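Chemist: Kindly return the folded structure for what I paste below:
(one chain, ligands or ions: 1)
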Amino acid sequence: QSSSASRLDDISARGVLRVGTTGDYKPFSFRIGKSNNFIGSDIELAASLAQALNVKLQLVPTSWPSLMQDFSAGKFDLAISGVSITPERQKVAQFSIPYLRDGKTPIARCENSARFQTLAQIDQADVRLIVNPGGTNERFAKANAPHAQLTVYPDNVSIFDQIVNQQADLMITDAIETKLQQHLHPELCAIHPEAPFDHSEKAILLPRDAQLQTVINLWLQLSIANGSVQKAMDRWLYFPWGLESLRRAVDERLLLAEAVARAKWNVQAPIEDLAREEQVIQAAVKQGAEFNLASNFVESVFRAQIQASKTVQRDLFAKWTAQHAGKFADAPDLAKTIRPELDRITTQLLRSLAANQAVLVDPARKNEVLQALDILDAAELSKTAAEQALAPLLQGGR
Ligand SMILES: O=C(O)C(=O)C[C@]1(C(=O)O)C=C[C@@H](O)C=C1
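Modeler: Prediction:
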């Protein structure tokens, strides 16, 4: 405990509350691409706290491995990011009262719900358990199901597809994550998420400052009592997180426009190739039909992607012309490398369009669509192009 004035006075004097958040933990904190846009229940909580303190909110990106280092280095005043209370963290910091109780519970294909109720049922040689490496999930699996076949699978995004595709039978993870994932994968069921195998608590990570802790606990107590914490939790648990795969496909495609432009610049080829454009559109429409996507919708989406690509390419050509730029040494080959890459993304884009179609056309979800498809990394190449690429997706999917 330092003898100086409360950290609360620093925050008030600054007029800004700096909140550390990891941006990789749905539904708590999720960062949209490389932007400084964060969404999630804890982001809402942070905004509400800043408002209660009558200061502005500044979100400071941090990461799980560097959380405590960044905290100790004073990069933020406090952290709100689905942080669990642990004794190790309490050695350097303190916590608010908890705002969420959680614990480890199974998620499996729904037909197996009855088969994986207890740890005794799971800890069997014929059970294929899957786990992400390095965290509390792996520790729990090894300690509680040593007889099961354990696959350590490093990709947090596709790990649940492994269960859907029967490469594994179940995963044991935080109940909150099982609730979220069962919405994203209708084949999967969270197994007794209200009665997990163990218990943990999420709280705000605070500096050792009694006055700040008191003020925040009072505010948090009130927010829990009036139901606003639960409401935020529900809102973000049912958020259409699947839109992120669509945003990423659009972003990836537009980011390739720079490589396209380099290739064309080197041979001074025209930016526009109408024959190729028709090929791209026809192929997308044909493949889209296999995903039950209407041809006019697919066409409008791909026309927009092509238009956006040309915007980026024209901007770059204008810049290079002004700079009297010479040939690039590292330009990839358009026909051999880039167009096949674009074709690969076409499939990805169509698949995520199909997966998100219901959300895109639902007027009640318009705000959520706007939040999820708020920004592309490619906006750094051209803000106009990013807007062009996203436009048909923000118009009710029509
Ligand atoms: O493949 C190219 O030549 C591109 O420039 C890419 C692309 C596209 O987005 O698919 C964009 C503009 C061209 O008129 C044709 C196609």
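
Chemist: from here on, contacts and neighbour counts on C-alpha atoms
Modeler: OK.

Chemist: How about the residues of this protein by the ligand?
Modeler: Contact residues of the chain with respect to the ligand, defined by Cα under 6 Å from any ligand atom, are listed as 260, 271-274, 276-277, 305-306, 309-310, 339.

Chemist: By neighbour count, which of those residues wins?
Modeler: Counting neighbours by other Cα atoms under 10 Å, the top entry in the residues of the chain next to the ligand is S309, with 26 neighbours.

Chemist: Kindly provide the distance from that residue to L170.
Modeler: When Cα to Cα, to the nearest Å is applied, the distance between S309 and L170 equals 42 Å.

Chemist: Same check on K26?
Modeler: 20 Å.

Chemist: and L100, what are its bridge partners?
Modeler: When bridges are assigned using DSSP bridges, the partners listed for L100 are K202.

Chemist: can you pull the contacts of it?
Modeler: Residues in contact with L100 (Cα atoms under 8 Å, 6 or more residues apart in numbering) are 201-203.

Chemist: do the same with N266
Modeler: The neighbourhood of N266, defined by Cα under 8 Å, 6+ apart, consists of 326-328, 331.

Chemist: So K26 and L170 - more neighbours on which side?
Modeler: L170 (27 against 22).

Chemist: Got phi/psi on the more buried one?
Modeler: Listed backbone geometry of L170 is phi -160, psi 170, with angles given as degrees, to the nearest 10.

Chemist: For the ligand, see how far away the residue nearest to it when sequence neighbours are not counted is.
Modeler: Once its chain neighbours are removed from consideration, L170 has its nearest residue in A108; the separation is 4.5 Å (Cα to Cα, 6 or more residues apart in numbering). Taken as Cα to the nearest ligand atom, to the nearest Å, the spacing of A108 relative to the ligand amounts to 40 Å.

Chemist: What helix or strand is A108 located in?
Modeler: strand 104-109 (DSSP states H and E).

Chemist: Output that strand as PDB - backbone C-alpha positions only.
Modeler: Included here for strand 104-109 are C-alpha records, laid out as PDB according to Å, rounded to 0.1, in the frame of the first residue of the first chain:
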ATOM      1  CA  LYS A 104     -15.500 -26.700 -15.500                       C
ATOM      2  CA  THR A 105     -18.200 -28.700 -17.200                       C
ATOM      3  CA  PRO A 106     -18.500 -31.000 -20.300                       C
ATOM      4  CA  ILE A 107     -19.600 -30.100 -23.800                       C
ATOM      5  CA  ALA A 108     -20.400 -33.000 -26.200                       C
ATOM      6  CA  ARG A 109     -22.500 -34.000 -29.100                       C
END
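
Chemist: who does it touch, helix- and strand-wise?
Modeler: In terms of contacts (3 or more Cα pairs under 8 Å, 6 or more residues apart in numbering; DSSP states H and E), strand 104-109 is packed against helix 159-164, strand 170-174, helix 175-184, strand 188-190.

Chemist: got a list of contacts for the second one?
Modeler: The reference is to strand 170-174. Around strand 170-174, the neighbours that count as contacts under Cα under 8 Å, 6+ apart are 102-109, 128-131, 137, 141, 163.

Chemist: Looking at the chain, which helix is longest?
Modeler: With residue count as the measure and DSSP state H as the assignment, the chain has helix 295-322 as its longest helix.

Chemist: could you point out which element follows that helix?
Modeler: Using DSSP H and E, the first helix or strand after helix 295-322 is helix 339-361.

Chemist: That next one versus helix 175-184: what angle between them?
Modeler: For helix 339-361 against helix 175-184, the angle between stretch directions is 100 degrees (axes from the mean of the first three to the mean of the last three Cα atoms, to 10 degrees).

Chemist: What is the distance between helix 339-361 and the centre of its chain?
Modeler: Relative to the chain's own centre, helix 339-361 is displaced by 18 Å; criterion: Cα atoms, centre = their mean, to the nearest Å.

Chemist: Can you list the buried residues in that helix?
Modeler: For helix 339-361, the buried set under the neighbour-count rule, 16 or more other Cα atoms under 10 Å, comprises 339, 342, 345-357, 359-361.

Chemist: what's it in contact with?
Modeler: The contact list for helix 339-361, computed with Cα under 8 Å, 6+ apart, reads 240, 242-243, 245-246, 249-250, 252-253, 256, 280, 284, 287-288, 291-293, 298, 365-366, 369, 393-394, 396-398.

Chemist: which residues touch the closest residue to the ligand within the stretch 101-250 of the chain?
Modeler: Taking Cα to the nearest ligand atom as the measure, the stretch 101-250 of the chain has V250 as its residue closest to the ligand, at 10.9 Å. For V250, the contacting residues are 305, 349, 389-390, by Cα under 8 Å, 6+ apart.

Chemist: Equivalent analysis for D102, please.
Modeler: With contact set as Cα under 8 Å, 6+ apart, D102 has these partners: 174-176, 196, 199-202.

Chemist: Take those and write them to CSV, including distance to L381 and neighbour count.
Modeler: Formatted as CSV, the entries for the contacts of D102 read as follows, by distance: Cα to Cα, whole Å; neighbours: other Cα atoms under 10 Å:
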residue, distance to L381, neighbour count
D174, 38, 22
A175, 40, 25
I176, 37, 22
P196, 46, 19
H199, 46, 13
S200, 43, 16
E201, 42, 16
K202, 39, 20
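
Chemist: For those residues, give me a markdown table that also has pLDDT.
Modeler: Putting the contacts of D102 into a markdown table (pLDDT from 0 to 100) gives the following:
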| residue | pLDDT |
| --- | --- |
| D174 | 94 |
| A175 | 96 |
| I176 | 95 |
| P196 | 98 |
| H199 | 96 |
| S200 | 95 |
| E201 | 97 |
| K202 | 97 |
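
Chemist: hmm, which two among the residues you listed are most spread apart?
Modeler: Across the contacts of D102, the two members that end up farthest from each other (Cα to Cα) are P196 and K202, 14.8 Å apart.

Chemist: on that earlier part again, pop out the phi and psi values for the residue of the stretch 101-250 of the chain closest to the ligand.
Modeler: As for V250, its main-chain torsions (degrees, to the nearest 10) stand at phi -60, psi -40.

Chemist: what's the pLDDT at it?
Modeler: pLDDT recorded at V250 is 98.

Chemist: any idea how far it is from L353?
Modeler: Shown here: V250 relative to L353, a distance of 10 Å by Cα to Cα.
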